[in-house]
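Engineer: Here is a sequence together with a model predicted from it:
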Amino acid sequence: MPLPISVLLLARDEARRLEALLPSLAFAADVVVVVDAATRDDSGAVAERHGARVFRRPLDGFGSQRAFALAQCRERWVLWIDADERLDAGADAVLARLVGTPRVAGFRLRRRTWFLGRPIRYCGWQNERVLRLFRRDAARFDDAPVHEQVTVEGAIADAPLTLDHLSYEDWETCRRKLVQYSEANAERLRAEGRRVSIADVMLRPPLRFLRMYVLQAGVLDGARGALVCALAAAQVFLKYAGRWASARGEEGGPRP
């Protein structure tokens, strides 16, 4: 019997990954896929072929997009998963036990992130846990444009499940995410009215690299660890440099 779970999934240009992911979610009674209206492939058709309910909606921020998807869910429990993530083999048996747990409103899953074909063991990504299984009536998404979060009213526990995050499969994907996230985070600083100094631009990136590479043992991940830390530092640089430059433009026109 299907489990009383709605799967919440966003998709944009994800047809290939959906073909691999959706068959593994057959345990769920309800699969909800929200397709960004700007998608350039047949993500929606692929999802429908695998039995998902598909909604097409322009992306106005990941937080609001997930809030919309949550409102479409029917089952008591919601599993939030992305197209580039995979659950453990045999996850359905574990999930069946979890959704029958009384007095728990949400569960954190261990997430293991892969980078260019190998799992990253350090860089601050070790022992990462993410809240991904929760009761629908107790959950709410924030309105963050990127790196959105869900909050749950009630007790939260750790689940014996691992979520493999396959986001960084090739260098082009790394480059694209670097630009996407840094631009979104710079815009968030602007929306919050945050002031940024040139010291933020110059000092925050190397400090991020040192924290991840030295304090969080990224050096033990070898060349891939160095690249992960360098990309994180570059994202910090573009985020603060973007906000600093936009603030200069807001202050007025050309100066003599």
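Structural biologist: Arrived safely.

Engineer: mind listing the helices for the stretch 1-150 of the chain?
Structural biologist: 15-21, 43-49, 62-72, 91-98 (DSSP state H, counting those that start in this stretch).

Engineer: Could you list every helix and strand that the longest one packs against?
Structural biologist: What it means is helix 62-72. Packing contacts for helix 62-72, counted by 3 or more Cβ pairs under 8 Å, 6 or more residues apart in numbering; DSSP states H and E, involve strand 3-11, strand 28-36, strand 53-57, strand 139-141. C-beta here means a position set from N, CA and C on the backbone, and glycine is covered the same way.

Engineer: Switch the ones you listed over to CSV; also include mean neighbour count.
Structural biologist: Putting these into CSV (neighbours: other Cβ atoms under 10 Å) gives the following:
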stretch, mean neighbour count
strand 3-11, 23
strand 28-36, 22
strand 53-57, 15
strand 139-141, 19
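
Engineer: Make a markdown table out of those and add distance to H147 and mean pLDDT.
Structural biologist: Converted to a markdown table, the helices and strands packed on helix 62-72 look like this (distance: least, Cβ to Cβ, whole Å; pLDDT from 0 to 100):
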| stretch | distance to H147 | mean pLDDT |
| --- | --- | --- |
| strand 3-11 | 13 | 97 |
| strand 28-36 | 17 | 96 |
| strand 53-57 | 20 | 96 |
| strand 139-141 | 12 | 97 |
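
Engineer: Which one of these lies nearest to V94?
Structural biologist: With Cβ to Cβ as the measure, strand 3-11 is the member of those nearest V94 (10.6 Å).

Engineer: contacts for that closest one?
Structural biologist: By Cβ atoms under 8 Å, 6 or more residues apart in numbering, the residues outside strand 3-11 that reach it are 18, 21, 25, 27-36, 39, 43-44, 47, 52, 62, 65-66, 69-70, 73-83, 92, 95-96, 99, 133, 136.

Engineer: could you flag which of those are buried?
Structural biologist: 18, 21, 25, 27-28, 30-36, 39, 43-44, 47, 52, 62, 65-66, 69-70, 73, 75, 77-83, 92, 95, 99, 133, 136 (16 or more other Cβ atoms under 10 Å).

Engineer: Relative to S246, how far out is A20?
Structural biologist: 39 Å (Cβ to Cβ, to the nearest Å).

Engineer: For these two, indicate the residue with more neighbours.
Structural biologist: S246 (15 against 12; other Cβ atoms under 10 Å).

Engineer: in the helix or strand that contains that one, what's buried?
Structural biologist: Per DSSP states H and E: S246 is located in helix 222-250. For helix 222-250, burial by neighbour count (16+ other Cβ under 10 Å) applies to 224-244, 247.

Engineer: What is the neighbour count of G100?
Structural biologist: 11.

Engineer: Quick check: closest non-adjacent residue to A67.
Structural biologist: Nearest residue to A67, sequence neighbours excluded (Cβ to Cβ, 6 or more residues apart in numbering): F141, at 4.4 Å.

Engineer: no no, A186
Structural biologist: Nearest one to A186, counting by Cβ to Cβ, 6+ apart, is G242 at 3.4 Å.

Engineer: Contacts only, for L161.
Structural biologist: 87-88, 91, 94-95, 107, 109-110.

Engineer: Look up the pLDDT of it for me, please.
Structural biologist: L161 is assigned a pLDDT of 96 by the prediction.
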